[in-house]
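[1] A predicted structure for the sequence below; I have some questions about it.
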Amino acid sequence: MSSGDGTTHFPLRNLERILEALDRLDEGVTVFSRACKNAGIKPVYQPFWEGLPYANIFRSITPDVLHQLYQGMVKHLIAWVKECCGEAEIDARCRRLPPNHNIRIFMKGISDLSRVTGREHDQISRFLLGIIIDIRLPNGLSSGRLHSAVRGLLDFVHLAQYPMHTDETLSLLDTALDQFHQNKDIFIELGVRNDFNLPKLHSCRHYVMYIKLYGTTDNYNTEYTERLHIDLAKDAYRSTNFKDEFPQMTLWLERKEKDCIVYERRQLMTKFPTRKSVRIANLIDDYGAKLFREALSRFIAQQNNPTLSAAQIDAEARYLRVPFNAVAVYHRLKFTTPDLYSGDASAHSIVDSVHVEPSRKMEDRRDLPGRFDTVLVNVKDGGLTGTDGGSNVNGATSTDSCQGIVLLKSASYFQSLRMLPRLSFCPA
């Protein structure tokens, strides 16, 4: 059996059998050592957990997202991908990623990084699958299995961090790990690995069990304590004169706590647009909204007639006239979601934002290209994955992909729109 085999299930330790082996010390060292070996443990005299009632020490090693996944499997996965595809190609693809406020762009690549932190591995995992989509592998091997293996492991990492779980999400967690195991042999065929006897990979198989026993992984992730070590120990120590530091650190922490007592402030929406008036011609040239008039007409037609089919909406949109030449434009859009863990139903937290930056001239007259975030809009009930294979009025899947071109309020423009008269000719 192999610890890296996704289909091999190793039985858990039998605590009663182990306690019986530990009780055989009085029969002699040889008998004691043989009994411990048969029970699968080291012959240690009176381990600290022997006398703990109602405690199974072999269930106390809980999953650790930081060290097992980000500093473990994601670290290995990045190294395997670099060896499969070549460091130069991976670095070049990292540099060609479009700017986006959601991900960090490594302009010098990721091959020369040293002492990579868990946060950096998290940032790399956000675009790792995207940079190998169409990559070529040595010896003419298909990259399909590489994509499936990478996606399976990355899906597992993200699913394991869900703040809430159901039977369906736990099933998806096991499915993602199975997908990796079914396609991991591509790394052996490429000469990157000889086997997958990795304890951290084997531990992934027990995540579902531990989540059922102890709750979601954010209850026992060491990332929180690592962060507190910086905030409450390292920063506090740096604020001292390094002599008799404990009273100084305590006073510094007390003052920091007082500074952090600030009442929550929330502005639900901005009072004024980023630009009060932008000509539609400029929207086309500077913002790249080539079909703004058509899109606005179609949107108004759909809002006024939600029961019409796609063809009928297109017909209605052709008779809409836009009587204005400028609109107010917003360059930021923030998404809020209710706080599931708060007793206040009105409590919201910002979970993401869309940024729009039109092209403009620099002081040295150089052109600075525009920067627009990509948005995925779930227009139907896509379930847990956000996609159900259905189609909307545009003929796309339930999740539409578009770029944040122009953000504006549409309510103020409804009254200005007028329908053009329709002409019909009757046969004589």
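    Arrived safely.

[2] and for Leu154, the neighbour number?
    Neighbour count of Leu154, defined by other CB atoms under 10 Å: 19. All C-beta atoms are positioned from the backbone trio N, CA, C, and that covers glycine.

[3] residue contacts, it?
    Residues in contact with Leu154, defined by CB atoms under 8 Å, 6 or more residues apart in numbering, are 74, 77, 125, 128-129.

[4] I'd say Arg104 and Gln123 touch.
    Yes. Using CB atoms under 8 Å, Arg104 is in contact with Gln123, at 4.4 Å.

[5] look at these two and report which has more neighbours.
    More neighbours surround Gln123 than the other of Arg104 and Gln123, with 18 against 15 (other CB under 10 Å).

[6] returning to what we had before: quickly name whichever of the contacts of Leu154 is closest to Arg298.
    For the contacts of Leu154, the closest approach to Arg298 (CB to CB) belongs to Leu129, at 33.2 Å.

[7] and Leu333, helix, strand or coil?
    Assigned with DSSP: H, G, I helix; E, B strand; the rest coil, Leu333 falls in the strand class.

[8] again with Asn221
    Here Asn221 is coil, with the state taken from three-state DSSP.

[9] next up, phi/psi of it, please.
    Per-residue torsions, Asn221: phi -80, psi 130 (degrees, to the nearest 10).

[10] what's the neighbour count on it?
    20.

[11] spatially nearest residue to it, not counting backbone neighbours?
    Val65 (4.7 Å; CB to CB, 6 or more residues apart in numbering).

[12] ok, the one you found - how many residues close by?
    Number of residues near Val65 (other CB under 10 Å) recorded here: 21.

[13] over to it: give its phi and psi.
    Dihedral angles for Val65 - degrees, to the nearest 10 - are phi -60, psi -40.

[14] ok, it to Arg17 distance?
    Look at Val65 and Arg17: by CB to CB, to the nearest Å, they are 32 Å apart.

[15] can you list the low-confidence ranges for the stretch 1-150 of the chain?
    With pLDDT under 70 as the threshold, the stretch 1-150 of the chain has low-confidence stretches at 1-10.

[16] dump whichever strand or helix holds Gln303 to CSV, restricted to CA.
    Taking DSSP states H and E as the criterion, Gln303 maps to helix 292-304. Below are the C-alpha coordinates for helix 292-304, written out as CSV (Å, rounded to 0.1, in the frame of the first residue of the first chain):
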residue,chain,number,x,y,z
PHE,A,292,-23.1,51.0,-25.3
ARG,A,293,-26.1,52.4,-27.1
GLU,A,294,-27.3,49.0,-28.2
ALA,A,295,-26.7,47.5,-24.7
LEU,A,296,-28.5,50.3,-23.0
SER,A,297,-31.5,50.0,-25.4
ARG,A,298,-31.6,46.3,-24.9
PHE,A,299,-31.4,46.6,-21.1
ILE,A,300,-34.3,49.1,-21.0
ALA,A,301,-36.4,46.9,-23.3
GLN,A,302,-35.8,43.9,-21.1
GLN,A,303,-36.6,45.7,-17.9
ASN,A,304,-39.8,47.1,-19.3
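
[17] now do it: distance to the chain's middle.
    Its chain's C-alpha centre and that of helix 292-304 lie 33 Å apart, by CA atoms, centre = their mean, to the nearest Å.

[18] what residues sit buried inside it?
    Neighbour-count burial for helix 292-304 flags 292-293, 296-298, 300-302 (criterion: 16 or more other CB atoms under 10 Å).

[19] strands along the protein, start to end?
    For the chain, the strands defined by DSSP state E cover 275-279, 320-321, 326-329, 332-338, 348-357, 360-361, 367-368, 371-372, 374-378, 399-403, 418-419.

[20] export stretch 150-169 as PDB, just CAs?
    Taking C-alpha atoms only, stretch 150-169 is exported to PDB below (Å, rounded to 0.1, in the frame of the first residue of the first chain):
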ATOM      1  CA  VAL A 150      -4.100  21.000 -10.900                       C
ATOM      2  CA  ARG A 151      -7.700  21.900 -10.800                       C
ATOM      3  CA  GLY A 152      -8.600  19.000  -8.600                       C
ATOM      4  CA  LEU A 153      -6.000  19.900  -6.000                       C
ATOM      5  CA  LEU A 154      -6.800  23.700  -6.100                       C
ATOM      6  CA  ASP A 155     -10.600  22.900  -5.800                       C
ATOM      7  CA  PHE A 156      -9.800  20.800  -2.800                       C
ATOM      8  CA  VAL A 157      -7.800  23.600  -1.200                       C
ATOM      9  CA  HIS A 158     -10.600  26.200  -1.600                       C
ATOM     10  CA  LEU A 159     -13.400  23.800  -0.700                       C
ATOM     11  CA  ALA A 160     -11.600  22.900   2.500                       C
ATOM     12  CA  GLN A 161     -11.800  26.500   3.600                       C
ATOM     13  CA  TYR A 162     -15.500  26.900   3.400                       C
ATOM     14  CA  PRO A 163     -16.900  28.600   6.500                       C
ATOM     15  CA  MET A 164     -20.000  26.300   6.400                       C
ATOM     16  CA  HIS A 165     -20.400  22.800   5.000                       C
ATOM     17  CA  THR A 166     -23.200  20.500   4.000                       C
ATOM     18  CA  ASP A 167     -23.200  16.900   2.900                       C
ATOM     19  CA  GLU A 168     -23.100  18.200  -0.700                       C
ATOM     20  CA  THR A 169     -20.000  20.400  -0.200                       C
END
